Each structure stands twice: as structure tokens, then as C-alpha cells.
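*Asks:* here is a sequence with its predicted model. Questions after.
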Amino acid sequence: MNIAIASGKGGTGKTTVAMALATCYARNSLSVALLDCDVEEPNVNLFLKAGIDTTEPVSVLIPEVDEPSCNGCGECERICAFNAIVLVRAKPLLFAEMCHSCGGCYHVCPERAIKEIGKEIGFIESGTRDGIAYAGGRLNIGEAMSPPLIREVKRRHSDSGTRIIDSPPGTSCPAVEAVKDSDFVVLVTEPTPFGLNDLNLAAGAVRALGIPFGVVVNRADIGGDSFTAEYAKRGYDIIASIPHSREIAEGYSRGDCVSYIVERFRAEIENIASYAEHQARRNARV
């Protein structure tokens, strides 16, 4: 089962919830993996502190043009939906950062003047700690295309009974890539106007993907009753509420707030796990 932890905005406590949920599974002696798919700003292992066993580079294919063989027909430019390859004075000019590695230009070139070469975009590290299998991606500085790296992270630890996917915030391509094909999505929010607005956007994206989801409200006691009414109005299932806590904040600053959350809010974390499993099984039967 794949459970994605997502949010409409950064700073809601998404990674903290992902860590707490994985720790809860591990303490119950269940097979669990934690995948850090927030490859532009990975921080899961700052808290997990897993020993890294392997580090693997990840590459994508981009075109390389043999200019003497090119006749300047422009077929490569016409097929590229992202303007990654254009003709300047009948010579192809490649913008590698815009290439989506679709291979279209390679296949349509009548002169076979284009070949595909590997370009390293980042790496994946893997390890274990306290019964939690870990894998996380890190995008190279300056790279624009994170979905290929996210896809590679999601291939790791496929033999684990439950995989917790820490997704990038927001609703752009990286976030969608991380949550798609999940069995359940936990949307972490905060009771503020920004939090509610971005929760609505994230919920819309997850609904479009046809994945069941539930909402975890972090720092739940700072927003007042008006937000509770708004959640109900939009039909959100609130599966857990975690109050604002100085102890959690102090633990976070030390890189160790998870143990406190699991001990103090164990019922809430276990409720997230049981609700996710129930909804995932129910969705599988539909």
C-alpha cells in the first residue's frame, strides 16, 4: 500500500506527519518504507538519520545533434511541444533544461542526425533506521525537471508492505507525480486563510486523480471554530488534529520532534494509519 503525504503549501508539517506515521508502523513491527520525493528540498533524513548504504546517480536521455548530418528540415523543432530544440539559420539549437526526454525529435529525424545521450539530473540515496527502509532523491542544482527523479525514487523498496511517500508541496507537476498511483493521500494543512486556500487547490488535484484522501490539521488550535465549519462545508474528512505545541517546535529545532509526537499523539497517528488502510481497501473494491 502506498500512502502519500501531501500539502497545498510548504511549512504545514507534512514531513513531520510522514515521519510519525512511518515510525508508528515500524514500532508495530510492520514492514514500512519512507520515500522522500521532495527532491528539490529533501529533509526526511535530517530527522530519520538513516545510515546510507547506497547512492545511485539518475540520468535522463536528451538529444545530441550531429550537425554535418543535419539538413535543416525542421522536423525536430515542429514535434517539440516544449521548444527545447529550435532552428537558428537552419541549424538546431538545443535547450537541454527544457527537454522532457520524450524522444520525439530522435524518432522523426529523417537523416538520423539526432542521437540520445544520458544527462545526470540527481541521485538517490538508500538506507535503513529503526525498522524503516529509506530512499530519498536529491535534484542537482540548476536542474528544472524533477518528475523523472521522483519516478525513480518511487520504484525503491517496492517489497515493503506500506510505503510512505513524502511529496513536494503544492499542485504542480512534481507534486502530482509524487501522489499519482497512491492508494491514499493524507493532506496536511493548517487553520489559516492561506492554509485553507491551498488545501482546496490540493484537494482538487487529488480528486482529479481519483485518489481517496483525508485531512490532517496541524497546529489545529490556532485558527478558531470558523475553519472547522469551512472544512465541513467542503466535505473534508478530518482524520486527525494535532494542536500547536512548544515542545514539538523545540524538538523540531533539534531535529527530533517525531518521538514526542508518536508518544503524545499516538492515537491520532494510529487513526491516520487505520483510516488510510480502510479507504485504500474500499477504493480498491470499487
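*Replies:* It's in.

*Asks:* tell me the SS of residue 26?
*Replies:* Three-state assignment for residue 26 (DSSP: H, G, I helix; E, B strand; the rest coil): helix.

*Asks:* what pLDDT is listed against it?
*Replies:* pLDDT, residue 26: 91.

*Asks:* could I get the contacting residues of it?
*Replies:* 32, 130-132 (Cβ atoms under 8 Å, 6 or more residues apart in numbering). Yep, even glycine has a C-beta here, placed from its N, CA and C like the rest.

*Asks:* repeat the analysis, applying 10 Å as the threshold.
*Replies:* By Cβ atoms under 10 Å, 6 or more residues apart in numbering, residue 26 lies in contact with 32, 34, 129-133, 162, 262.

*Asks:* kindly report the same for residue 79.
*Replies:* So residue 79 contacts 85, 102-109 (Cβ under 10 Å, 6+ apart).

*Asks:* what do you get for residue 208?
*Replies:* Residue 208 sits in contact with 171, 176, where contact means Cβ under 10 Å, 6+ apart.

*Asks:* likewise residue 127?
*Replies:* Per Cβ under 10 Å, 6+ apart, neighbours of residue 127: 45, 48-55, 133-136.

*Asks:* measure it to residue 238 for me?
*Replies:* 34 Å (Cβ to Cβ, to the nearest Å).

*Asks:* and for residue 122?
*Replies:* Here the distance between residue 122 and residue 238 works out to 36 Å (Cβ to Cβ).

*Asks:* neighbour count winner among those two?
*Replies:* Ranked by neighbour count (other Cβ atoms under 10 Å), residue 122 and residue 238 place residue 122 first, with 25 against 14.

*Asks:* may I see the buried residues of the strand or helix carrying residue 3?
*Replies:* In this structure, residue 3 sits in strand 2-6 according to DSSP states H and E. By neighbour count on 16 or more other Cβ atoms under 10 Å, the buried set for strand 2-6 is 2-6.

*Asks:* now swap in stretch 259-275 and tell me
*Replies:* In stretch 259-275, counting by 16+ other Cβ under 10 Å, buried: 260-262, 265, 268-270, 272-273, 275.

*Asks:* ok, these vs residue 142, which is closest?
*Replies:* residue 261 (35.5 Å; Cβ to Cβ).

*Asks:* quick one: pLDDT of the closest one?
*Replies:* Looking at residue 261, its pLDDT reads 81.

*Asks:* check the secondary structure at it for me.
*Replies:* Here residue 261 is recorded as helix under three-state DSSP.

*Asks:* which non-adjacent residue is nearest it?
*Replies:* residue 20 (4.7 Å; Cβ to Cβ, 6 or more residues apart in numbering).

*Asks:* kindly report the same for residue 231.
*Replies:* Take residue 231 and drop its neighbours on the chain: the residue closest to it by Cβ to Cβ, 6+ apart is residue 238, 5.8 Å away.

*Asks:* if the one you found is in a bridge, with which residues?
*Replies:* Residues in a beta bridge with residue 238, per DSSP bridges, are residue 215.

*Asks:* the stretch 101-250 of the chain: strands as residue ranges?
*Replies:* For the stretch 101-250 of the chain, strands defined by DSSP state E, counting those that start in this stretch occupy the ranges 114-129, 132-139, 162-166, 184-189, 213-218, 238-242.

*Asks:* what are the phi and psi values at the nearest residue to residue 258 once chain neighbours are set aside?
*Replies:* Leaving out its chain neighbours, the residue that sits closest to residue 258 by Cβ to Cβ, 6+ apart is residue 19, at 4.6 Å. Dihedral pair for residue 19: phi -60, psi -40, per degrees, to the nearest 10.

*Asks:* so residue 125 sits against residue 136, correct?
*Replies:* Yes: using Cβ atoms under 10 Å, residue 125 is in contact with residue 136, at 5.7 Å.

*Asks:* overlap of the contact sets of those two?
*Replies:* Going by Cβ under 10 Å, 6+ apart, residues that sit against residue 125 and also against residue 136 are 36, 42, 45, 50, 52, 153, 156.

*Asks:* if we can go back for a sec, direction included, what does the strand holding residue 3 pair up with?
*Replies:* Strand 2-6 has the following sheet partners, assigned by DSSP bridges: strand 162-166 (parallel), strand 184-189 (parallel).

*Asks:* and residue 54, that's in a strand?
*Replies:* Yes: according to three-state DSSP, residue 54 belongs to a strand.

*Asks:* I figured it hits residue 124, correct?
*Replies:* Yes: if you go by Cβ under 10 Å, residue 54 and residue 124 touch, sitting 8.2 Å apart.
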